[in-house]
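fold the following and give me the result.
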Amino acid sequence: MEIVLASASPRRADLLRQLGVAFTVYAPSGGLDPEDVAPEGPPAGEDPLRAAEAAARRLAEAKAQAAAQEYPAACVIGADTIVVAAGRFLGKPRDPADASSMLRLLSGRHHHVVTGIAVLREQPSLRLVESAATRVWFRSLTDEEIGRYVATGEPLDKAGAYGIQGRAAAFVERIDGDYFTVVGLPLALLTVLLERAGVRVT
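Sure, this is the predicted structure:
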């Protein structure tokens with residue numbers, strides 16, 4: 001069965017390769033990746049983490065659905081990651097100043113990283129959508145540390161303005177949950193969904 005990854009993220013592609021799965025990357029027409037669109041914040045009165053989980057599932061499914069229209073017989077994987085901190089949703093920063101602001105918000109406290117996963121197929125019909133959440137604790141960061149990190153450019157294409165698999169690993173004191181959820185593709189959950197779709201991974 002053909003596997004399609006509906007994400008332009010090189011990190012997700014690298015993680016999927018770790019499972020030994022052969023796949024095709026679906027690039028949205030016009031070059032616009034839906035991940036470049038920041039998610040809306042949680043509705044008033046709604047628990048931010050639950051709202052983020054619902055939003056991540058919805059966005060992951062939308063990405064997979066777009067690719068499934070191009071590859072109706074393939075098993076399509078969609079994913080979306082949202083960082084939740086202080087009751088806010090943090091998507092990709094707009095610019096270095098926005099990245100610095102996000103990192104100051106994360107400094108010295110914990111936040112959640114939520115990744116939604118969708119596995120879809122049009123023919124025959126299949127729709128599996130789940131999400132995973134991991135709590136991450138940052139140590140306190142100085143303005144100088146934030147400035148040096150932002151200057152590397154690494155935060156600018158990542159939800160929450162950091163990559164745990166990169167230089168920001170030095171900021172993380174501990175996590176509670178799946179490390180790969182923070183990177184952007186929870187491999188254990190994805191494996192379960194692929195097996196349910198008839199794709200043998202392990």
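
now the helices for the protein?
10-18, 48-70, 96-106, 143-151, 179-183, 187-196 (DSSP state H).

need those in JSON lines with mean neighbour count, can you?
From N, CA and C alone the C-beta is placed, and that goes for glycine too. Formatted as JSON lines, the helices of the chain follow (neighbours: other C-beta atoms under 10 Å):
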{"stretch": "helix 10-18", "mean neighbour count": "16"}
{"stretch": "helix 48-70", "mean neighbour count": "20"}
{"stretch": "helix 96-106", "mean neighbour count": "19"}
{"stretch": "helix 143-151", "mean neighbour count": "15"}
{"stretch": "helix 179-183", "mean neighbour count": "23"}
{"stretch": "helix 187-196", "mean neighbour count": "17"}
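
now tabulate the ones you listed in JSON lines and tack on distance to residue 165.
Putting those into JSON lines (distance: least, C-beta to C-beta, whole Å) gives the following:
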{"stretch": "helix 10-18", "distance to residue 165": "7"}
{"stretch": "helix 48-70", "distance to residue 165": "19"}
{"stretch": "helix 96-106", "distance to residue 165": "16"}
{"stretch": "helix 143-151", "distance to residue 165": "14"}
{"stretch": "helix 179-183", "distance to residue 165": "5"}
{"stretch": "helix 187-196", "distance to residue 165": "13"}
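
of all those, which lies closest to residue 112?
helix 48-70 (5.5 Å; C-beta to C-beta).

tell me what the closest one is packed against?
Applying 3 or more C-beta pairs under 8 Å, 6 or more residues apart in numbering; DSSP states H and E, one finds that helix 48-70 makes contact with strand 75-85, strand 88-90, strand 110-121, strand 126-138.
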